[in-house]
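Student: here's a sequence, model it:
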Amino acid sequence: MHPTSSPYRAVTVGSVLFVAVLWLAAPVNAATSSPSLQLVRTIRTSPFVNSTISMKDAEGSAYVPQDNSIWLADDNGRAIYEVDPTNGNLKRMIGTATFQATPRFGGGQVAGSTRDQDIESMAYDAGRDALYAFSGICCSGSSQPTAFRMLRDAKGVFQVESYQPLPTGSDFTASGWNPADGKLYVGVHKDFRSYDYATNSPGPTFQVPTLRAILGMSFSSNGQQLYVAHHDSSGNAQFSVVDWGTKTLVPGWTFTLTSFGIRDSRAVEMINGQFYILDGYDGRAKGDPLRHALYVFNVQA
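Tutor: Next up is the predicted model:
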């Protein structure tokens, strides 16, 4: 949440007034050493609820509590989508024309056609009320890795405001903002590092032992835990909880997701005590309601 804002927000839905806590990514109870996942529901993205628009390839996500919006990244579609996590309704799409017309941070030429070809991950910085989308280097030789920043306009709507050219070879497949230290972090393969948008500076790399194939990440509300979507050494989709202080996996909090139908875990968010995990598997037929779906889980002690 913005540091000057209240942690509560009044929201009117129809004629009913709700008071919602803005930051809902509560830490898990690490003292529970034998938890299990319970699949509650799935959210369709191909096409989205109340829409004819479909994701072409599911990648990253970011949750904005103030708007009750989960943003999803689509590299093949060269777009990002704002979705209501409660009912799955598509609120908004930002496409390639907008990204290509984005000016460089601090001045300079617009992004053009080579910087939005591989949108891999997203992160929401609640301290600055800013959204970030990171593009990588796959799968064209002309792709240029880029960080895009979105800020709110006078009407309170996020707009793509600027971009930073990332160092050559950058491919940040995961990103998240830590409320404890106020820093953005990015991940790829086995490596994590901090990233500062204003100075366009990635920090030194570090690792979590045995964690590999990092594809999505987000932090708990206190910044003490990191939630990671990844693959194991056999390529199975997994989700793990990391103790951020020790940079180690929390015992008992790594889950293999294949039994639920997830074959390519690409992003994870905790919303109102539930985990939302995005499946990037491309092998399902068009029209299959699980193609690039969001899976919503409860954790059972």
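
Student: not counting its neighbours along the chain, what's nearest residue 63?
Tutor: With sequence-adjacent residues excluded and distances taken as CB to CB, 6 or more residues apart in numbering, residue 63 is closest to residue 269, at 4.4 Å. All C-beta atoms are positioned from the backbone trio N, CA, C, and that covers glycine.

Student: and the helix or strand harbouring the one you found, what other elements does it pack with?
Tutor: Under DSSP states H and E, the secondary-structure element containing residue 269 is strand 265-271. Contacting strand 265-271 under the criterion 3 or more CB pairs under 8 Å, 6 or more residues apart in numbering; DSSP states H and E are the following elements: strand 58-64, strand 69-74, strand 214-219, strand 225-231, strand 237-243, strand 274-279.

Student: could you dump the ones you listed to CSV with mean pLDDT, distance to residue 135 and mean neighbour count?
Tutor: Shown next, in CSV, are the helices and strands packed on strand 265-271 (pLDDT from 0 to 100; distance: least, CB to CB, whole Å; neighbours: other CB atoms under 10 Å):
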stretch, mean pLDDT, distance to residue 135, mean neighbour count
strand 58-64, 98, 10, 27
strand 69-74, 98, 9, 26
strand 214-219, 98, 15, 26
strand 225-231, 98, 18, 25
strand 237-243, 98, 23, 22
strand 274-279, 98, 17, 24
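
Student: these into CSV, with extra columns for distance to residue 202?
Tutor: Below are the helices and strands packed on strand 265-271 laid out as CSV (distance: least, CB to CB, whole Å):
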stretch, distance to residue 202
strand 58-64, 17
strand 69-74, 19
strand 214-219, 15
strand 225-231, 17
strand 237-243, 19
strand 274-279, 24
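
Student: Provide the backbone phi and psi angles at residue 52.
Tutor: Backbone torsions for residue 52, taken as degrees, to the nearest 10, come to phi -100, psi 0.

Student: meant to ask about residue 96, not that
Tutor: Per degrees, to the nearest 10, the backbone of residue 96 is at phi -60, psi -30.

Student: that one and residue 117: what is the separation?
Tutor: Going from residue 96 to residue 117 by CB to CB, to the nearest Å gives 9 Å.

Student: more neighbours: these two, which one.
Tutor: Shown here are residue 96 and residue 117; by other CB atoms under 10 Å, residue 117 has more neighbours (22 against 16).
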